Each structure stands twice: as structure tokens, then as C-alpha cells.
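S.K.: Quick check, what structure comes out for this input:
(one chain, ligands or ions: 1)
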Amino acid sequence: MKVQKIGIIGGGFAGTMTAVQLIHQSRIPCEIIIINEKETFNKGIAYNTYSQRHILNVVTAKMSAYPDKPDHFLEWVMGKKEFRKHDKTLIANSFLPRKLYGEYLSTIWNDSVSIAESKSISIKVIDGFVTDLDLSENGINLWLRNDTKIEIDKCIIATGNHIPRNPKIKNSEFYANKNYFQNPWDIESVKDMKGNLPILIVGNGLTMVDTVLGLLEQGFKGGIFSISPNGFNILPHRHNGLKYSKLTDELTENLSLYDLVKLVNKHRKILRKLGISAEPIIDSLRPHTQRIWKNLSENEKNIFMSRLRHLWGVARHRIPLHTHDKLQQLRIEGKLHIKSGRIIDFKDSDEYIMVEYHDKKEGRVNQINVSRIINCTGPETDLMSLEKKFLKNCIVKGIIKQDNLNLGIITNTETFEVINRTGKSQTNLFTLGSNLKGELWESTAVNELRDQAEKLAEKILAH
Ligand SMILES: Cc1cc2nc3c(=O)[nH]c(=O)nc-3n(C[C@H](O)[C@H](O)[C@H](O)COP(=O)(O)OP(=O)(O)OC[C@H]3O[C@@H](n4cnc5c(N)ncnc54)[C@H](O)[C@@H]3O)c2cc1C
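M.R.: Numbering: from 1, shown residues only. Model (predicted):
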């Protein structure tokens, strides 16, 4: 019998854990080929971070890489010499460094490679980047940056997070400036700060927080401005253990967006009367968000994206309390300035970059002079706008199709088969993770990806 060749494009959490699940679940020999640049292999963007201060935004007890072994990460941590003396409950409820999580994923990978050997499963990890994909009569051909061709039978696109898009400004030539950093996950973005001028962070989410911590770690002592459309105050995890089930008891099939917002507001008021903020309500919705999203009409999804997305983002993406305190302290000291507004233009001169923005609160155009700009606006999801053209090439050829909201790839979420331009399922081409955002909305965190990896492996092996 011919041994199946399964190619995985991208070896972050999603790609690595799909390979791990294939190894664990496979009963017959196969060949698994993963293509990912060496330094991010196993870890991807999130867990290959440059600082120990970048911590997980989910507690240890909820970060297992396996759906059926909920304590796997916690047990792995407790098995490490430096954690043995600590109280297990305390560690279960703490937020550990993302670097440590990267180490956890590498351990899982190394253990799985040994299992693969014992099952005659061949593993090949290629340090490279896929630039193109062709469907052939016999399977799929992948092309790497160095023009190498790889022939496989089945392919999983696990390309994950893409670097943010540049804000729209009048003078787009500015983006060649060496003091502009489009990739906020690269240590260069916070290194070698010179002079006392402030810096600008575009965006106000979790990556802004990481960047502030990175700048402080690198010894930066100047002012930091953050500009985002709403300038919401990022929230801390305050109610880790609180469970609220009253709203979910009232969830019905095919709930409209209008009814859902009404329901959330009703329960928000109930909690407010008790002096409790709304986070337990949002947490109670999490297990249902994918189903709710799938039931919304295209029009409702559009309304959500234009009016509610940012509010959902703030309520959903919270940071550990001590990190939150650190940020508030910086604000009290006048070092961190959170502004709501719209960037108009960046102009460079020899001494500084002039930032022109419309301040929403003050209702006027303001200017600030900064020494550096770091783009923390979040991963780009419009696949046609990516600088790396791999997914764009696949769209242009009609092999995959982008969803109407430009959030990801149209996919059958039961089988993970991507759907081509003509609406046909590609039975040998699959995707998971961030590429399913258009289909599921919430499809990025470990708790979602570990389930997807397990199910996808099951589907591929059952084929
Ligand atoms: C900064 C950050 C922090 C996060 N923190 C948490 C957290 O604490 N808890 C949590 O649950 N979730 C967190 N997340 C969510 C996170 O997205 C997932 O947990 C997970 O790491 C995503 O994995 P992924 O493999 O889908 O994507 P990625 O981590 O982006 O990995 C994709 C990989 O594919 C590679 N790749 C892309 N295109 C190609 C190509 N054409 N050829 C070859 N290789 C390619 C990339 O180089 C990369 O290594 C965080 C996300 C970010 C960005």
C-alpha cells in the first residue's frame, strides 16, 4: 500500500498539534512533512516571544495542548524543578510566561517524534516558507521560496497570524522609514531606543501591552502614546473563578444579533445591581460564540464587525491583574497616554516623526512628535492584502476562497476541507485556526485550536 504523504504548511501551535495528533492517532505508517522557518517551529508567533514578561492571557489550568487531558500543561509545569516547591492550586490559577509555553510545545513535539519512530511514521521538518501551491492529478505540489518542489497527497494550511497591515495615511511612502516597525512581535521593534522623545504604539490591545512591557525591559524611560479608534481601557482578569449561567440558560437556537445584545444588556444590569462587572457574562458566552456566529446572517455579521467588534474585543481579551496595575501606574505617572482617535498622517524629518491624528475626545486634529512608531493593530486577516503572497496566489488560482468579511478561508468546519472558487470541497486540502475566523469568529486561542487539531487529524486519517 502507498504510504500517504501529509504536508503541513506552518508549524505554530496549530500545525504542530495537528502533526502531534496525526502521530498519536495513526494506526498505519505515513509521512508527515512540516514546513516552517526554524526559529518559530513549534512555537509560532505567540510562544516564540522575546521577553519573559510576555505572559499567557489564560491561566495554567486551562492551557493544556490536549482536549482530553485538561491538566497536561499544569502537570508538565509542576514536574519542572523550579515549580515543584510551589502550591499546585496557585500555579493552576497563575499566568505563566509564554516562553515557558513554547518550551512545553517543544517537549510535546520531541516526545511525539519518538512515538512516530516506534510507529514507522516518517517525520520531515523543513526550514522554509511555502510560496505557492498547485493541485495535480496525483495530489498537491508545494513550492518553497528557494524553488524546491514538494509533492504530497494531503495538505493542511496552518498559516496562523499575519503581521498587521499599515494604517492608511496620506503619505504611504513613509513606511520605508527605519523607525517604523510593522512587526510588533520582533524584538527589533523595542530595541536600541535613542533620545528622550516619546514613541507611538498604534493600537490598544494585548500586543500594545506586550510592547510597553518590552520597551520597559529594554530600559526605555520616555513617554508612550497609544492611539486606537476607541481608546478603551484594557480590562484585567478580575473574576477568574466566577461562573454565570443565567444568560446561557436563556440562549435559544437562531438568536438574532439584536436579541443577543438585548439579553447581554439585561444580564449586565442584573450583575451591576450586585456590584459585579460584566466579565462572567462574556465568559459564559465563550463556549457558544461559534454556534451563535454561524447562525447570524451576513448582514448581522457586518453590523457586528462595524459596531460591536471592538467592544467584544475589550470584554474578551483581558490581562492579568498585576500587568493591568503596571499599565495604570504608568498612566498615573504620565508615562503612558491612551488616546482615542484616527491616524491621519506620519511625516518624517531628521530629528523626529510627526504624527497627525484626529483626537476623538477633543474633536480636533492633534500632532505629536515621536522617535518611533510600532504597529500593534493586530494580525491582518485580509488574505489579498498580505505582503507574503502564498494565500493570495491560492485565491487567485481559485483553489481557496476568502469569506465576505475578509477574515479567513471559506471552509467546511465539520471536515476542515477548504471550499474552492466554484463552491466545491477540496478533499485533500484542509485548514484550521485563524483561517477559520470568518466561519467561526472565535478560532485563535489554544482551547479552540487543540480541539480543531484533534478533529482534523481524525478526519484525515479516516479518509
Ligand atoms: C502575541 C500573541 C499572544 C497570544 N497569547 C495567547 C495565550 O496566552 N493563550 C491563548 O490561548 N492564545 C494566545 N494567542 C492566540 C494564538 O493565536 C494561538 O494560541 C496559537 O499560538 C496560534 O497558532 P497558529 O499555529 O494558528 O499560528 P501562529 O502562531 O501564527 O503560527 C503559524 C506559523 O506558520 C508559519 N507560516 C505562515 N505562513 C507560512 C508559509 N507560507 N510557509 C511556511 N510557514 C508559514 C509562521 O511562520 C508561523 O510559525 C496569542 C496570539 C498572539 C499573536
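S.K.: Every contact and neighbour count from this point should use C-alpha atoms.
M.R.: OK.
S.K.: Contact partners for Phe346?
M.R.: Contact partners of Phe346, counting by C-alpha atoms under 8 Å, 6 or more residues apart in numbering, are Ile169, Asn171, Phe174, Ile353, Met354, Val355, Glu356.
S.K.: ok, so what distance separates the last one from Lys246?
M.R.: Separation of Glu356 from Lys246 (C-alpha to C-alpha, to the nearest Å): 46 Å.
S.K.: any low-confidence regions in this protein?
M.R.: For the chain, the stretches with pLDDT under 70 are 239-240.
S.K.: near the ligand, which residues of it show up?
M.R.: Applying C-alpha under 6 Å from any ligand atom, we find that the chain lies next to the ligand at 9-15, 35-37, 40-41, 44-46, 56-58, 128-131, 158-161, 207, 390, 433-434, 444-446.
S.K.: What's the first helix or strand after the helix or strand hosting Glu75?
M.R.: Using DSSP states H and E, Glu75 falls within helix 72-78. Following helix 72-78 in sequence order, the next helix or strand is helix 81-84 (DSSP H and E).
S.K.: Tell me which residues are up against that following helix.
M.R.: Val77, Met78.
S.K.: who's in contact with the residue lying closest to Glu279 once chain neighbours are set aside?
M.R.: Nearest residue to Glu279, sequence neighbours excluded (C-alpha to C-alpha, 6 or more residues apart in numbering): Ala315, at 6.5 Å. When contacts are counted by C-alpha under 8 Å, 6+ apart, Ala315 touches Leu235, Glu279, Ile282.
S.K.: So which of Glu356 and Lys246 has more stuff around it?
M.R.: Counting neighbours by other C-alpha atoms under 10 Å for Glu356 and for Lys246 shows that Glu356 has the greater number, 18 against 11.
S.K.: Confirm the more buried one sits in a strand?
M.R.: Yes - judged by DSSP: H, G, I helix; E, B strand; the rest coil, Glu356 forms part of a strand.
S.K.: quick one: it and Asp348 touch, right?
M.R.: No - the criterion here is C-alpha atoms under 8 Å, and Glu356 misses it with Asp348 at 11.4 Å.
S.K.: Can you give the distance from the longest helix anywhere in the chain to the centre of its chain?
M.R.: Taking DSSP state H as the criterion, the chain has its longest helix at helix 98-118. The chain centre lies 21 Å from the centre of helix 98-118; the measure is C-alpha atoms, centre = their mean, to the nearest Å.
S.K.: try stretch 303-311
M.R.: 18 Å.
S.K.: What residues sit buried inside it?
M.R.: Phe304, His310 (16 or more other C-alpha atoms under 10 Å).
S.K.: neighbouring contacts of it?
M.R.: Against stretch 303-311 from outside (C-alpha under 8 Å, 6+ apart): Asn230, Leu257.
S.K.: Could you tell me the end-to-end distance of that stretch?
M.R.: By C-alpha to C-alpha, the extent of stretch 303-311 from end to end equals 13 Å.
S.K.: re earlier: most neighbours among the contacts of Phe346, please name it.
M.R.: The contacts of Phe346, ranked by neighbours (other C-alpha under 10 Å): first place Ile353, 23 neighbours.
S.K.: tell me the contacts of it?
M.R.: Per C-alpha under 8 Å, 6+ apart, neighbours of Ile353: Phe346, Lys347, Asn369, Val370, Ser371, Arg372.
S.K.: can you pull the contacts of the one residue in the stretch 251-400 of the chain that gets nearest to the ligand?
M.R.: Residue of the stretch 251-400 of the chain nearest the ligand, by C-alpha to the nearest ligand atom: Phe390 (5.5 Å). With contact taken as C-alpha under 8 Å, 6+ apart, Phe390 is in contact with Val130, Thr131, Asp132, Leu133.
S.K.: Show me what counts as buried in stretch 316-336.
M.R.: Arg316, Arg318, Ile319, Pro320, Thr323, His324, Leu327, Gln328, Leu330, Lys335, Leu336.
S.K.: Spatially, which two of these are the most separated?
M.R.: The most widely separated members of the buried residues of stretch 316-336 are Arg316 and Lys335, with 26.0 Å between them, by C-alpha to C-alpha.
S.K.: What backbone torsions are found at Leu96?
M.R.: Main-chain dihedrals, Leu96, degrees, to the nearest 10: phi -100, psi 160.
S.K.: what residues are up against it?
M.R.: Leu96 touches Ile55, Leu56, Val59, Thr60, counting by C-alpha under 8 Å, 6+ apart.
S.K.: rerun at 7 Å
M.R.: Ile55, Leu56, Thr60 (C-alpha atoms under 7 Å, 6 or more residues apart in numbering).
S.K.: Using the three-state scheme, assign Ile6.
M.R.: Under three-state DSSP, the three-state class of Ile6 is strand.
S.K.: Who is it paired with across the strands?
M.R.: The bridge-partner assignment for Ile6, based on DSSP bridges, gives Ile32, Lys154.
S.K.: Filter the residues of the chain next to the ligand down to the buried ones.
M.R.: 9-15, 35-37, 40-41, 44-46, 56-58, 128-131, 158-161, 207, 390, 433-434, 444, 446.
S.K.: Select from those every entry located in helices.
M.R.: If you go by DSSP H, these have Phe13, Ala14, Gly15, Thr207, Phe390, Val446 in helices.
S.K.: Could you look up the SS state of the residue lying closest to Leu257 once chain neighbours are set aside?
M.R.: Nearest non-adjacent residue to Leu257, counting by C-alpha to C-alpha, 6+ apart: Glu300, 6.2 Å away. In three-state terms, and counting by three-state DSSP, Glu300 is helix.
S.K.: I'd guessed Glu300 sits against Tyr258; true?
M.R.: No - applying C-alpha atoms under 7 Å, one finds Glu300 not in contact with Tyr258, separated by 8.6 Å.
S.K.: which one of these two has more residues nearby?
M.R.: Glu300 (15 against 9).
S.K.: That one and Asn369, how far apart?
M.R.: Distance from Glu300 to Asn369, by C-alpha to C-alpha: 40 Å.
S.K.: for Asn36, same thing?
M.R.: 39 Å.
S.K.: about what we covered before: show me which of the contacts of Ile353 are buried.
M.R.: Phe346, Lys347, Asn369, Val370, Ser371, Arg372.
S.K.: Return the residues in contact with Gly231.
M.R.: Gly231 neighbours (C-alpha under 7 Å, 6+ apart): Asn204, Ile338, Lys339, Ser340.
S.K.: go again using 8 Å as the cut-off
M.R.: Contacts of Gly231 by C-alpha under 8 Å, 6+ apart are Asn204, Ile338, Lys339, Ser340, Gly341.
S.K.: Can you report how many residues lie near the nearest residue to Gly398 once chain neighbours are set aside?
M.R.: Closest residue to Gly398 apart from its sequence neighbours, by C-alpha to C-alpha, 6+ apart: Arg421 at 4.8 Å. Look at Arg421: counted by other C-alpha under 10 Å, it has 16 neighbours.
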